[in-house]
Every structure is written in structure tokens, then in C-alpha cells.
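S.K.: Give me coordinates for this.
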Amino acid sequence: MLLSYLQEMLQWDYTACLSLRLQNVTRMAPSQFPRISLIHSVLGLLTGLLIAGWANHSSAQPEQPPQYPNTADEKPTDNIRAKKAQSAPPQDAPARVVPNPDTLTQKPNLFNRQWIRDLDANQYVIREQAQRHLTEAGIQSLAAVTQTARQGSLESSTRALNILLAWSDSTDAQLRIAALERIATLANRPKESSIASGLLSDAREQVALQAIAQLGGYYLRDRQIHGINNLQIVIGKNWQGGIDGLEHLAHIPRATTISFYSPPLPDDALDDLSRLPQILRIELYGTDFSPQAVKKIKESVSSRNVKIDERDGALLGIRGNVAVTEVERDSAAFRAGIQPGDRITRIDEHDVANFEELTARIAKHKPGDTVTLTVLRNKEITTKKVTFGHWGELAPNKRPIKEGRKNTKNTPLMPKKTYIERR
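M.R.: Residues are numbered from 1 along each chain as shown. Next up, the predicted model:
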């Protein structure tokens, strides 16, 4: 009863409640006043305490807004704000890293990874920039580009292949060979792989020929072996590559004649020649190889019909058949006054009937020997004193010989680009 009465009182204003109770008291009998006053005092005290406590509780715990546990209960205003927040870029989000080619040498791995990712970017401009940057990066991007060409998406793998194709036409021999080697291993690109495998041999040969020239050797079109593609590699007295430099010969499949003209090489140099299957002729002119080493190389290649021409090293410096057809400039014959069209009939007291006999007589002399040549010129006989030079002293002015063979660097065998339609 008391609790329900107090709850009823809490719904009214405290002052109005007290006024109502006083009105009820005035209508009671005087004998009931003491009991009524006591009850009213107690009720007033309890009511005041309850109202004060309720007020304190309301101020301490403000009213909480309703919760929306799922998207179905969300308020429309909250949904609009969320969409705006998603569409607007976050203020504290880090800016996208745009690689700078000028600082590539500082952080190549970071930039390469970013460029590789950008090969598959949504924006065409970003994809084009990434492809250009990776192409310019060169050899340090080779591994990442090759992996993308093998395993990337259609877009990124195609762009990676185009980077490798661009490198395969580079003037940097190391980069060109490396790119062709990687293209040749692409199982997912059988056409390009097959073409690259065929071009690798030519690319390696060009690099090997350049290395031979840098080490002091040179190469000529081989006049002894029929075939316009064959080469003669000359290792002379200016050779600086030692035995290790001869390893480049293995990458020159057109080298059918190897000529040693007074080279500063030990006997072990001949061992490498026996392992070269393309060689058909070996010239040993004015060398210091021991008879045992020469005998060994002759035995090792005898089953392959390789011709070995051994001479002491005297050089006259002419070419021809019955008559002289060419006189090399600054040679012994040039200094003696021999001219094209002359026919040499005697060397000292020995008659020579043809060019082969003349060559055999000269081969018995050493550089520095002086002989008398009998020359028939315009039906008149004259004599010339000649001091022999030595093989290897006359390097040609034009080293690259490309007659009868296309320059594979400029041959458009590899497709320059592969295109796809991005969907």
C-alpha cells in the first residue's frame, strides 16, 4: 500500500501533492490529527528523498540514443554520412608512391615492385608509365619482369613480354643476350620463345667477336674455306687475352679457321682448339709451341679431317694464284715494290711454278730473312730484294665482316610488341 502510494505521488509535482494531502487532513476529525500528522511527515520525508535521488540519477546518466545493431536498423542520416566518408579520400591516408627514375639507383627494389604492380593498374596512363620505367631500368629489373612475363595476368604478362622484346634489341650486349635467354624460357609464349632461341646463337657470336677484338685479335672472311658465312679468327702477337680469352671461340660457330700468328701463348692454348667442333683449319705461323704440343693437337683432330698448316712465320704479304692479285699495305711485298699483276718466278735460286710452291718456299724462312725475288711484269723480268715480315703484324682496318649474313640485330624477326585488348 505504502509503495503504491509513493509511486502515485512520484507522478505529481511535490508541491501539489503536499497541498492535496493538507486538504484531506482538514476534513478529518481532530482525534485523527496526531496519527495523520505523523504519517504525513513520514510520507513527505520519503517522497522528498525519492525525488532527490531520481533527479541525481537522471543527471548522472543522460539518455542514450537508440542503438542500430545492423544495417537494416541504421538511420538514413548515418547511411548518407558513411557513403560520403567512403567516397572522400581519408585525410591521414599515405600518398601513393610514384617512382622517380632519377633516384632508381637508391631504391631499385622498391621502385621495381611498385612498377610491376602498376603494369596491371586500372588506369592506362599508369600502366604505360610503369612499362616505360621498367624498360629504362634495364638489367636490374630483369628478374622481376621475367617472373611477371611467366606468371602475371594477361595485361601485366604481355607488358612484361614487350619489355623483354625491347631489351632484346638493345645495343647493350649483356642486356640483349639476357633478354633473349629469358624469352627463350617462356613456356606460355611459344612463338617468341622459339624465335629467341634461334637468335641467341647470333647474339652470343657478336659479343664473342667484340671480345676477341678488344683482347687484341681480329677476324676476317675466311678465304680458305668455301662459304660466304665462314670466319677466320686471328690471334697474333698483340693478343692480351691469354688462354682464358680463347673461351670466346666456343661462341663463334662461323669460326672455321683459327690462325695463331706469333701469339704470346703457352702449349696449353692448343688444347682448347681440339674441343671446337666448327674448326676446319688451324694455322700455326711463327709460334713458340713445342713440337710435342703440335703433335698432340694434330692427333686429336685427325679424325675430323682438320687441316693444320704450320710455318716458321715469314710473311710476304700478297694474295693471288699464278699472278699476284693483292698486295697488303705496309707489308714486305709492298715495301719491295711488288704490284698486282706481277708473277713471281724465282725465290733466290729456286724456281716456283705456282702460288702454292711460292708459299711453301716462303714458309721455310723466318721473319727478318732477306731474299731475292724474280718478278715477271709486262713481259719484262726484274728482281726485288725483300725482307720478310711476320704473321700477325698486319691487322685489317675493317674488322667486322658481315658479307652474306644479315645483321641479326636489325633483322625484325622478333615481334616488337604484343598487343591485347583490355576488358
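S.K.: can you give me the helices for the stretch 51-200 of the chain?
M.R.: 76-87, 108-118, 124-137, 142-151, 154-167, 173-184, 190-214 (DSSP state H, counting those that start in this stretch).
S.K.: Return the alpha-carbon coordinates of the helix or strand just after the last one using PDB.
M.R.: Past helix 190-214, heading to the C-terminal end, the next element that is a helix or strand (DSSP states H and E) is strand 218-221. As requested, the backbone C-alpha atoms of strand 218-221 are provided in PDB (Å, rounded to 0.1, in the frame of the first residue of the first chain):
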ATOM      1  CA  TYR A 218      90.700  -9.800 -85.200                       C
ATOM      2  CA  TYR A 219      88.600 -11.700 -87.600                       C
ATOM      3  CA  LEU A 220      88.300 -11.900 -91.400                       C
ATOM      4  CA  ARG A 221      86.100 -13.500 -94.000                       C
END
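S.K.: for strand 218-221, what is the average pLDDT?
M.R.: Taken as a whole, strand 218-221 has an average pLDDT of 86.
S.K.: Can you list the strands that that strand pairs with?
M.R.: strand 231-235 (antiparallel) (DSSP bridges).
S.K.: Excluding its own residues, what touches the partner strand? List them.
M.R.: Contacts to strand 231-235, defined as Cβ atoms under 8 Å, 6 or more residues apart in numbering, come from residues 209, 212, 216-224, 246, 249, 252, 254-261, 263, 265, 392, 395, 401. For glycine as for every other residue, the C-beta is placed from the backbone atoms N, C-alpha and C.
S.K.: following that strand, which helix or strand comes up?
M.R.: Downstream of strand 231-235 (by DSSP H and E), the next one is strand 255-261.
S.K.: Report the angle between that next one and strand 231-235.
M.R.: 20 degrees (axes from the mean of the first three to the mean of the last three Cα atoms, to 10 degrees).
S.K.: on contacts alone, who are the packing partners of strand 255-261?
M.R.: Judged by 3 or more Cβ pairs under 8 Å, 6 or more residues apart in numbering; DSSP states H and E, strand 255-261 is in contact with strand 231-235, strand 281-285.
S.K.: Looking at these, which is nearest to Ser170?
M.R.: Nearest to Ser170 among the helices and strands packed on strand 255-261 is strand 231-235; the distance by Cβ to Cβ comes to 24.0 Å.
S.K.: Now do the closest one against helix 190-214: the angle between them, please.
M.R.: 40 degrees.
S.K.: What residues of strand 231-235 count as buried?
M.R.: Within strand 231-235, the residues that count as buried by 16 or more other Cβ atoms under 10 Å are 231-235.
S.K.: go on, stretch 194-212?
M.R.: 195-196, 199-200, 202-209, 211-212.
S.K.: In contact with Ile163, which residues?
M.R.: Neighbours of Ile163 in contact, by Cβ under 8 Å, 6+ apart: 131, 134-135, 141, 145, 149.
S.K.: Contacts for stretch 124-132, please.
M.R.: 114-121, 155, 159, 162-163, 422.
S.K.: Fine, thanks again, bye for now.
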